[in-house]
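Trainee: 3D, please:
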Amino acid sequence: MQSVLWYTNPSRVIIGERKEVSILPKSAKQKLKLLYLMKILLEKTDENNMLTVSQMIEQLARYDIRAERKSIYDDLEALRVYGVDIECVKSKTTVYYVASRTFELPELKVLVDSVQVSKFISFRKSIQLIKKLETLCSKHEAQALNRQVFVANRVKMMNESIYYNVDKIQNAISMDKQISYKYCEYTLTKEKRFKREGERYFVSPCALHWDDENYYLLAYENAAAKIKYFRVDKMEDIDILEEKRNCEDYSNIDLAAYAKKVFRMFGGEEQIVKLEFDNTMIGVVIDQFGKDVTIIPSDDHFHINVNVEVSTHFFGWLFSLGEKVKIISPEKVVEGMKQHIEMVKKLYS
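Mentor: From the prediction side, this is the model:
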């Protein structure tokens, strides 16, 4: 009977009736001992899970690597010198564990939470990213990350091309080049169509901004001769052009401050608006405008003056706060709010 080979990984082969043997010489496998020991310690130990030297020897044997106790002590010291934070605990038995890592468990939990709530990361990609994050801690700690994974009922983007879009845009920015692309919108039948009948947009990418669970591109649009925001997930067929960017006037822009002015990324006329809030709204105001906003107290209410881009979304945000907020000036914005309220009233009259 002719033998059949199944190759499972570079170091092992299965012959005939699936009998697995090593195709590396013993001396070559032994050279990998230190690497495998580090792998074992990183995967299987943490401050609540530790290994004795005997257990390390047993784990190495699973990789067909022989080890003696003295060599393990030497290897542990070599790994410490290399930078692996290995702690020794002595009691009835002496045990070892990796005490610190590049990312601690609370930090990984924050990263996992960020992946879960990010609408622009698809369901499939969320699972993949979380699995990769789990490799940065021990397998025991990874179970803690697993228990908090919950992405099934999140609103997730289905378009995974966003990762390649972001990469292309970042490359264009680093190369100081303009880009062109087609921009999409959805019809009432939930079908995607190109805006401007598929005509390409030509812009100078200035910066990428993550806000309200979406990625946005801040760019100078050549045709409109102004700076605009574009949803990265709605961009398709991006090309990096030879022309240099035209972002000189915006190179020193404070992106965080600019984003505060643009409610939900729909711009309008930029104006300084005076607002009056009930004192109970102080938390809402700080969440929206930051701690640097100047508060002018007055009995049971306070005033602020903020630079915003006045739009229907700005009026909608104020409307959502009900009687807790009032526009004081300028009169043009006050009238704009009145018109917004009248338009809403007509829908229900």
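Trainee: tell me the SS of Ala224?
Mentor: Look at Ala224: counting by DSSP: H, G, I helix; E, B strand; the rest coil, its state is coil.
Trainee: what do you get for Lys29?
Mentor: Following three-state DSSP, we place Lys29 in the helix state.
Trainee: What about it, how many residues nearby?
Mentor: Counted with other Cβ atoms under 10 Å, residues neighbouring Lys29 total 17. For glycine as for every other residue, the C-beta is placed from the backbone atoms N, C-alpha and C.
Trainee: how near is it to Arg62?
Mentor: Distance of Lys29 to Arg62, computed by Cβ to Cβ, to the nearest Å: 12 Å.
Trainee: what does Lys31 give?
Mentor: 17 Å.
Trainee: repeat for Thr294
Mentor: 65 Å.
Trainee: Please list all residues in contact with Cys247.
Mentor: Ser204, Pro205, Cys206, Tyr220 (Cβ atoms under 8 Å, 6 or more residues apart in numbering).
Trainee: List the ones among these that fall in strands.
Mentor: Mapping the contacts of Cys247 onto strands (DSSP state E) picks out Ser204, Pro205, Cys206, Tyr220.
Trainee: The spatially closest residue to Ala78 that is not a sequence neighbour: how many residues sit nearby?
Mentor: In this structure, Ala78 finds its nearest non-sequential neighbour in Leu34, 6.4 Å apart by Cβ to Cβ, 6 or more residues apart in numbering. Neighbourhood size, Leu34 [other Cβ under 10 Å]: 17.
Trainee: looking at this, Leu34 is in a strand?
Mentor: No: assignment of Leu34 by three-state DSSP gives helix, placing it outside any strand.
Trainee: What is the nearest of the ones in strands among the contacts of Cys247 to Arg69?
Mentor: Of all those, Pro205 has the smallest distance to Arg69: 59.0 Å, by Cβ to Cβ.
Trainee: the domain parsing of the chain - what is it?
Mentor: 25-100, 105-147, 162-252, 258-348 (automatic domain parsing).
Trainee: Let's have the ones you listed in JSON lines, adding mean pLDDT.
Mentor: Output for the domains of the chain, formatted as JSON lines (pLDDT from 0 to 100):
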{"stretch": "domain 25-100", "mean pLDDT": "93"}
{"stretch": "domain 105-147", "mean pLDDT": "84"}
{"stretch": "domain 162-252", "mean pLDDT": "85"}
{"stretch": "domain 258-348", "mean pLDDT": "86"}
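Trainee: mind listing the strands for the stretch 1-150 of the chain?
Mentor: Per DSSP state E, counting those that start in this stretch, the stretch 1-150 of the chain carries strands over the ranges 5-9, 12-15, 19-22, 85-90, 94-100.
Trainee: for the fourth one, which positions count as buried?
Mentor: Translated: strand 85-90. Buried residues in strand 85-90, counted by 16 or more other Cβ atoms under 10 Å: Ile86.
Trainee: what lines up beside it in the sheet?
Mentor: Within its sheet, strand 85-90 is paired with strand 94-100 (antiparallel), according to DSSP bridges.
Trainee: Now the partner strand - C-alpha only, PDB.
Mentor: Extracted in PDB, the C-alpha atoms of strand 94-100 (Å, rounded to 0.1, in the frame of the first residue of the first chain):
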ATOM      1  CA  THR A  94       7.900  27.400  43.300                       C
ATOM      2  CA  VAL A  95       5.700  28.700  40.500                       C
ATOM      3  CA  TYR A  96       6.300  31.300  37.700                       C
ATOM      4  CA  TYR A  97       4.000  33.600  35.700                       C
ATOM      5  CA  VAL A  98       4.100  36.600  33.400                       C
ATOM      6  CA  ALA A  99       3.400  39.600  35.600                       C
ATOM      7  CA  SER A 100       2.900  42.300  33.000                       C
END
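Trainee: Tell me the gap between that strand and the middle of its chain.
Mentor: Distance of strand 94-100 from the chain centroid (Cα atoms, centre = their mean, to the nearest Å) equals 31 Å.
Trainee: Give the buried residues for it.
Mentor: So for strand 94-100, counting by 16+ other Cβ under 10 Å, buried means Val95, Tyr96, Tyr97, Val98.
Trainee: now, among those, which is nearest to Gln271?
Mentor: Nearest to Gln271 among these is Val98, at 56.1 Å by Cβ to Cβ.
Trainee: Strands of the stretch 201-349 of the chain, start to end?
Mentor: With DSSP E, counting those that start in this stretch, the ranges of strands along the stretch 201-349 of the chain come out as 201-211, 214-221, 226-231, 235-244, 269-278, 296-298, 301-310, 325-329.
Trainee: Could I get these in JSON lines, plus columns for mean neighbour count and distance to Lys119?
Mentor: Below are the strands of the stretch 201-349 of the chain laid out as JSON lines (neighbours: other Cβ atoms under 10 Å; distance: least, Cβ to Cβ, whole Å):
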{"stretch": "strand 201-211", "mean neighbour count": "19", "distance to Lys119": "11"}
{"stretch": "strand 214-221", "mean neighbour count": "21", "distance to Lys119": "6"}
{"stretch": "strand 226-231", "mean neighbour count": "16", "distance to Lys119": "11"}
{"stretch": "strand 235-244", "mean neighbour count": "15", "distance to Lys119": "16"}
{"stretch": "strand 269-278", "mean neighbour count": "16", "distance to Lys119": "27"}
{"stretch": "strand 296-298", "mean neighbour count": "10", "distance to Lys119": "36"}
{"stretch": "strand 301-310", "mean neighbour count": "17", "distance to Lys119": "23"}
{"stretch": "strand 325-329", "mean neighbour count": "16", "distance to Lys119": "28"}
